[in-house]
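In: my questions are about this predicted structure, shown below with the sequence.
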Amino acid sequence: MAKHGLPLGIDVGGSGIKGAPVDLAKGAFAAKRQRIDTPVPSTPEAVADVIDQIVDYFDDVRGDSPIGVTIPGVVTHGVVRSAANIDKSWLDFDAEPMLEKKLGHDIVLVNDADAAGVAELHYGAAKGQKGLVIMTTLGTGIGTALIYDGELVPNSELGHLELDGYDAETRAASSVKDKEGLSYPEWATRLQRYYSHLEALLWPDLFVVGGGVSKDSEKFLPLLTLRTPIVPATLQNKAGIIGAAHLAAHHH
Ligand code: BGC
């Protein structure tokens, strides 16, 4: 049966759960995004309730089109395998079937940074880029997506590289900049260390920098000296939703 309506993308983050129907021809939201605070604690059941509300809200636009959901953790075969910045009860939780039951519809569950990378690949800063692109999302944590010649290599967790004895995201995420009150130049010193290490290990052709802070990229990207070109994400924090919808639509 032909699909009617527009696919939905839902982005589960540390502070908000956001969703919108996506126009895949344009790579843009087709209606105003809905946002609900992430419940505390962010257990699978509580998060599923919020996702359900957002899906219900867009029922008419969505019709019977697919739903993509992002999660800030590793996802293999629908099971969440890591939970650095969400409730630990997600660990090893078989989330995809639970969400499908709750929503009464097939979904695709994907890591948040991977979804953002896919969106940048199809509609944004990584479009047409050959070789290796490393998308990094700077937010509560650091998410990464590896894209090689247009193909996503899922579940890279390069935000957790050990650097100078620290988990890198606990030094260089944008939440750390806020928490420690770092100036842009102070924070850029940490980003410099992080991105130089990444490029020494993987020799990418392009870095794309996403997350909310990417809208202020001119305050920190010019301070970095790298051999790899580094550019802000074009879709900024819309990328997770757009990428999730794209992946869901191409999966079914
Ligand atoms: C998680 C990743 C996630 C990133 C951004 C990290 O702490 O391990 O899976 O992509 O945060 O949310």
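Out: Here it is on my side, so go on. Numbering: from 1, shown residues only.
In: which other helices and strands contact the longest helix seen in the chain?
Out: With secondary structure taken from DSSP state H, the chain has its longest helix at helix 184-202. Helices and strands touching helix 184-202, by 3 or more CB pairs under 8 Å, 6 or more residues apart in numbering; DSSP states H and E, are strand 132-138, strand 162-163, helix 169-172, helix 174-180, strand 206-210. All C-beta spots, glycine's among them, are computed from the backbone N, C-alpha and C.
In: put the alpha carbons of the last one into PDB.
Out: The C-alpha trace of strand 206-210 is given here as PDB (Å, rounded to 0.1, in the frame of the first residue of the first chain):
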ATOM      1  CA  LEU A 206      35.800  16.800   6.700                       C
ATOM      2  CA  PHE A 207      34.600  17.500  10.200                       C
ATOM      3  CA  VAL A 208      31.000  18.800  10.600                       C
ATOM      4  CA  VAL A 209      30.200  20.300  14.000                       C
ATOM      5  CA  GLY A 210      26.500  20.200  15.200                       C
END
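In: quick one: which helix or strand includes V110?
Out: Assigned by DSSP states H and E, V110 belongs to strand 107-111.
In: what's that strand in contact with?
Out: 66-75, 78, 80, 95-96, 99-100, 143, 145, 154-155, 243-244, 247-248, 251-252 (CB atoms under 8 Å, 6 or more residues apart in numbering).
In: just the buried members of these?
Out: Neighbour counting over those (16 or more other CB atoms under 10 Å) leaves 66-75, 78, 80, 95-96, 99, 143, 145, 154-155, 243-244, 247-248 as the buried ones.
In: flag every buried residue along the longest helix of the chain.
Out: Neighbour-count burial for helix 184-202 flags W187, A188, R190, L191, Q192, Y194, Y195, H197, L198, E199 (criterion: 16+ other CB under 10 Å).
In: spell out which parts of the stretch 51-200 of the chain neighbour the ligand.
Out: The stretch 51-200 of the chain has residues 72-74, 82, 84-85, 111-113, 137, 139, 141, 143, 157, 159, 169 near the ligand, with proximity defined as CB under 6 Å from any ligand atom.
In: perfect, I'm done here.
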